[in-house]
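J.: Fold the following and give me the result.
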Amino acid sequence: MEQPFKRQRSLLRSRRWPALTSWPSRRAVPGGFPHFATGLVIALALVVLAGAIVGAVLRLRHKIREEIAHHDGEVLYAVSRMQQFADESSGDLDASLADPASQFTHVLTISRLAGVIGIRLFAPDGKFINAFPAYISEVPLAPADLPTLRALQPVSHYLPAAQLGQFDLLSLDDRAPVPLLVVNIPLHPSDRSRLLGVAQFVIEGSSIARAFAALDRSLFVQATLIFLAGGGLLSLGLVLAFRRLERANRLLAERTASLLRANQELALAARTSAVGAVTAHLIHGLKNPLSGLQSLVNNHLDGTGADWQEAIATTRRMQTQINDVVRILGEQRAGVEYELSLAELAEVITAKAAPAAADAGVHFTAILDAHATLSNREADLIVLVLDNLIRNALQATPRGRSVRLHLTRAEDGVAFDVADEGPGLPPAVRERLFTPCRSTKEGGSGIGLAISRQLAAHLGGTLELHRDSARGCVFRLTVPLQVAGEPGAVLTAAGCARSA
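T.: This next block holds a predicted model:
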């Protein structure tokens, strides 16, 4: 029975449960985050953390090294100022300090500090003047240091691996490199009015090298501790986050699988429900004629004439309904497909309603105010629903009055309005109109409208009581079809057409 209900399944998926069918399959939802991916993300995060720590440590190391080297320069500059103050106390040093010879004497006095292995004296413009020991080479002052010295600030340079031969301190250049600190201090009068000269001290830098080594060890230990603590917390946080993500993904996969199973069950229920609806319609259509036949046979076993004619008509009605349902099931089982227009559908309904309208003495009219095409499967279900509504309308309408079927454009497609001229519905019936209940008609089952609404739902449409008054009722079946307006046409119960 798969083929007959492709249309209903399509409508079910596209109109009734779109959220369910839009879920991805189970294979598309990860059941858990792969462990190698978790490890890769943690490794990348640790690399980024390590890079950030190394960059910060290197910047801090460079800054601290500059401060250590500058500290020795500041010490020498302070000693020079103290020596200058002491000389001023004993005489007019400011006048003699302008003399290079006095400057050199002043610098030699300062050079008695431990670690100084050579001095140079430069003029304010950076030109070499004198040196001690005498064999130290004559080199000009570095031009980059002059702006700072002219601002009367000392300048220090640490050389971690310098060749002593470069400074002519030894005659052999193949000696192992040693750390040196080169300090340039400005010479100026007490009022700091101008630069008088520059003294350069070449200092043995072993103490600074030891300080730098201790600094490196301290920074390495601190960076390692920070990396271990930060990396551990970061790794723990990522592991916990990925575990929560894994649980969420697993839960999502389970819920998706549950929704897919529920969707499959709903689709299966819809397919089986369609078969049940058609079968129920068949039973509903057979129950009343069979009940009439049974009453006729019980009460008029010896009757002739009109009674037997009623029995024959009832039997024919039963046979027609059986044939209609069997034809519908046969078309759907065989996969027969073709299209009908609304005009052809109106002719089919008019032809089916004609005998019942004639028996009831009621005028039946079909009015066509829309144009559309539909498949035979849609038409079959629409005919079943309208046939039930029209028969109910004929039974509710007094003789000599009219029942009208109006096919018109609606907001959601095509509307089929079945209007009678009966007395209206009792309040008790109106409250439970589409609920299976005891029928108010003799021999009725009370499930006709409930079955019709179910068939309308399989079409993706609706069935409702559009209007109820003392002048009659209007039931509206709305089906989602592509429609276009066209000049109206009227079909009478006789099946002939005339201008609207």
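
J.: how about the helices of the stretch 151-300 of the chain, start to end?
T.: 206-299 (DSSP state H, counting those that start in this stretch).

J.: Also the chain?
T.: Counting by DSSP state H, residue ranges of the helices within the chain are 6-11, 18-21, 35-90, 93-97, 100-110, 146-150, 206-299, 306-334, 342-360, 376-396, 427-431, 448-458.

J.: Dump those into a markdown table; add mean neighbour count as well.
T.: Placement of C-beta: from N, CA and C, glycine included. Formatted as a markdown table, the helices of the chain follow (neighbours: other Cβ atoms under 10 Å):
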| stretch | mean neighbour count |
| --- | --- |
| helix 6-11 | 17 |
| helix 18-21 | 12 |
| helix 35-90 | 14 |
| helix 93-97 | 16 |
| helix 100-110 | 17 |
| helix 146-150 | 16 |
| helix 206-299 | 15 |
| helix 306-334 | 15 |
| helix 342-360 | 19 |
| helix 376-396 | 22 |
| helix 427-431 | 11 |
| helix 448-458 | 22 |
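
J.: Same list, those helices, but as CSV with distance to Cys473 please.
T.: Output for the helices of the chain, formatted as CSV (distance: least, Cβ to Cβ, whole Å):
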stretch, distance to Cys473
helix 6-11, 28
helix 18-21, 34
helix 35-90, 66
helix 93-97, 124
helix 100-110, 121
helix 146-150, 105
helix 206-299, 20
helix 306-334, 23
helix 342-360, 16
helix 376-396, 7
helix 427-431, 9
helix 448-458, 11
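
J.: so can I have CSV of those helices showing mean pLDDT?
T.: Written out in CSV, the entries for the helices of the chain read as follows (pLDDT from 0 to 100):
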stretch, mean pLDDT
helix 6-11, 42
helix 18-21, 40
helix 35-90, 84
helix 93-97, 58
helix 100-110, 82
helix 146-150, 90
helix 206-299, 77
helix 306-334, 62
helix 342-360, 89
helix 376-396, 89
helix 427-431, 81
helix 448-458, 85
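
J.: Out of the ones you listed, which is closest to Glu421?
T.: Comparison of the helices of the chain against Glu421 by Cβ to Cβ identifies helix 376-396 as nearest, at 8.4 Å.

J.: counting contacts, what elements does that closest one pack onto?
T.: Applying 3 or more Cβ pairs under 8 Å, 6 or more residues apart in numbering; DSSP states H and E, one finds that helix 376-396 contacts helix 206-299, helix 306-334, strand 339-341, helix 342-360, strand 402-410, strand 413-419, helix 448-458, strand 472-479.

J.: Quick one: mean pLDDT over the fifth one.
T.: Along strand 402-410, the predicted local confidence has a mean pLDDT of 92.

J.: then it to CSV, C-alphas only?
T.: The C-alpha coordinates for strand 402-410 follow below in CSV (Å, rounded to 0.1, in the frame of the first residue of the first chain):
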residue,chain,number,x,y,z
SER,A,402,-32.6,24.1,-2.9
VAL,A,403,-29.1,22.8,-2.1
ARG,A,404,-26.1,24.7,-3.7
LEU,A,405,-22.5,23.7,-4.2
HIS,A,406,-20.3,26.8,-4.8
LEU,A,407,-16.7,26.3,-6.0
THR,A,408,-14.8,29.5,-5.5
ARG,A,409,-11.4,31.0,-5.0
ALA,A,410,-10.2,31.1,-1.3
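
J.: so what strands line up beside it?
T.: Partner strands and pairing direction for strand 402-410 (DSSP bridges) are strand 363-369 (parallel), strand 413-419 (antiparallel).

J.: among these, which is the most enclosed?
T.: The highest mean neighbour count among the strands paired with strand 402-410 belongs to strand 413-419 (a mean of 23), with neighbours defined as mean count of other Cβ atoms under 10 Å.

J.: Run through who's touching that one.
T.: Strand 413-419 has contacts (Cβ atoms under 8 Å, 6 or more residues apart in numbering) with 342, 370, 372, 382, 385-386, 389-390, 393, 403-409, 461, 466-467, 472-483.

J.: ok and it relative to strand 472-479, angle-wise?
T.: Comparing the axes of strand 413-419 and strand 472-479 via axes from the mean of the first three to the mean of the last three Cα atoms, to 10 degrees yields an angle of 160 degrees.

J.: Pull out the CA atoms of strand 413-419 and give them to me as PDB.
T.: Backbone C-alpha positions of strand 413-419 (Å, rounded to 0.1, in the frame of the first residue of the first chain) are rendered in PDB as follows:
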ATOM      1  CA  GLY A 413      -6.700  27.500  -2.500                       C
ATOM      2  CA  VAL A 414     -10.200  26.400  -3.600                       C
ATOM      3  CA  ALA A 415     -13.300  26.500  -1.300                       C
ATOM      4  CA  PHE A 416     -16.200  24.100  -1.800                       C
ATOM      5  CA  ASP A 417     -19.300  25.500   0.000                       C
ATOM      6  CA  VAL A 418     -22.300  23.200   0.400                       C
ATOM      7  CA  ALA A 419     -25.400  25.300   1.400                       C
END
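
J.: What mean pLDDT does that strand get?
T.: Per-residue pLDDT values over strand 413-419 give a mean of 93.

J.: shift numbering so it begins at 28
T.: Sure thing, new numbering starts at 28, so read that last one as strand 440-446.

J.: Done for today, thanks.
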